[in-house]
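Asker: coordinates only, sequence not included:
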């Protein structure tokens, strides 16, 4: 992992997001093993961590690690007020990010609930709660992840019909390309996330930085 961090650092990324590939068999022991690796990382680039953050015991283990932001998905989908409040109190509200894995089908917006491994209607989300406690909201286009310049811009406009969110706190991911970067800039979005395929394309990130 240090090699990956070094490579991304060379491209002068603004931030690196690490998402643990959590599965049903995830345990506290595997969580601790992952943290042991993170503890050894050296990076001048701020690091965000997400994946399987589900209780306060885990939060206590994160203290002292070289991470600046925490990415929550299930906790926000489940409306886990206690966990989000605890994270905000321990690490500061500015450190809290919400990841919403979304897809649009026949004009119906749904969110992927990883705990149950299924998509559910966006109506089940307390978007006001998310807006209040998340410093930034990552809109993850699950249908176009890994593709180039196919991010579905309708995800944002459709989301706004359910709850008006300041575009300045939104980050988009999944199918991001050069025109997506330009569009995000014009909309005043906080940022874009480029997936790890950029590691396999020389100068890819540098190209994105000069896309505007």
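Answerer: Looks like it arrived, so ask away. Being a predicted model, the structure only gives us computed values, none of them experimental. Residues are numbered from 1 along each chain as shown.
Asker: ok, now how distant is residue 111 from residue 52?
Answerer: Taking CB to CB, to the nearest Å as the measure, residue 111 falls 18 Å from residue 52. C-beta: built from backbone N, CA, C; applies to glycine.
Asker: More neighbours: which of the two?
Answerer: Higher neighbour count among residue 111 and residue 52: residue 111, with 24 against 21, using other CB atoms under 10 Å.
Asker: Where does the more buried one fall, secondary structure wise?
Answerer: Taking DSSP states H and E as the definition, one finds residue 111 inside strand 108-113.
Asker: I'd like the average pLDDT over that strand.
Answerer: Mean pLDDT, computed over strand 108-113, is 95.
Asker: just stretch 142-155 next, same as before
Answerer: 93.
Asker: Tell me where the chain has strands.
Answerer: 16-19, 47-50, 69-72, 96-105, 108-113, 118-121, 136-141, 170-173, 191-193 (DSSP state E).
Asker: correct me, but residue 158 touches residue 110?
Answerer: No: counting by CB atoms under 8 Å, no contact exists between residue 158 and residue 110, whose distance comes to 10.5 Å.
Asker: shared neighbours, the two?
Answerer: Between them, residue 158 and residue 110 have residue 104 as joint contacts when contacts are counted by CB atoms under 8 Å, 6 or more residues apart in numbering.
Asker: one step back: same list, the strands of the chain, but as a markdown table with distance to residue 82 please.
Answerer: Conversion of the strands of the chain to a markdown table gives the following (distance: least, CB to CB, whole Å):
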| stretch | distance to residue 82 |
| --- | --- |
| strand 16-19 | 23 |
| strand 47-50 | 18 |
| strand 69-72 | 12 |
| strand 96-105 | 14 |
| strand 108-113 | 19 |
| strand 118-121 | 21 |
| strand 136-141 | 20 |
| strand 170-173 | 25 |
| strand 191-193 | 28 |
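Asker: and of these, who's closest to residue 129?
Answerer: Among those, the nearest to residue 129 by CB to CB is strand 96-105 (9.6 Å).
Asker: what's the angle from that closest one to strand 108-113?
Answerer: In this structure, strand 96-105 runs at an angle of 130 degrees to strand 108-113, with axes from the mean of the first three to the mean of the last three CA atoms, to 10 degrees as the basis.
Asker: Mind picking out the helix or strand in this protein with the poorest mean pLDDT?
Answerer: Taking mean pLDDT, DSSP states H and E as the measure, the chain has helix 204-209 as its least confident helix or strand, at a mean of 53.
Asker: distance of the closest residue to residue 128 other than its chain neighbours from residue 25?
Answerer: Among residues not flanking residue 128 along the chain, residue 163 sits closest, at 6.3 Å (CB to CB, 6 or more residues apart in numbering). In this structure, residue 163 lies at 35 Å from residue 25, with CB to CB as the measure.
Asker: higher neighbour count, those two?
Answerer: Neighbour totals were compared for residue 163 and residue 25, and residue 163 leads with 14 against 6 (other CB under 10 Å).
Asker: was I right about the more buried one contacting residue 127?
Answerer: Yes: taking contacts as CB under 8 Å, residue 163 lies within contact range of residue 127: 3.6 Å.
Asker: circling back: the strand holding residue 111 packs against which elements?
Answerer: For strand 108-113, the helices and strands in contact under the criterion 3 or more CB pairs under 8 Å, 6 or more residues apart in numbering; DSSP states H and E are helix 74-77, strand 96-105, strand 118-121, helix 154-162.
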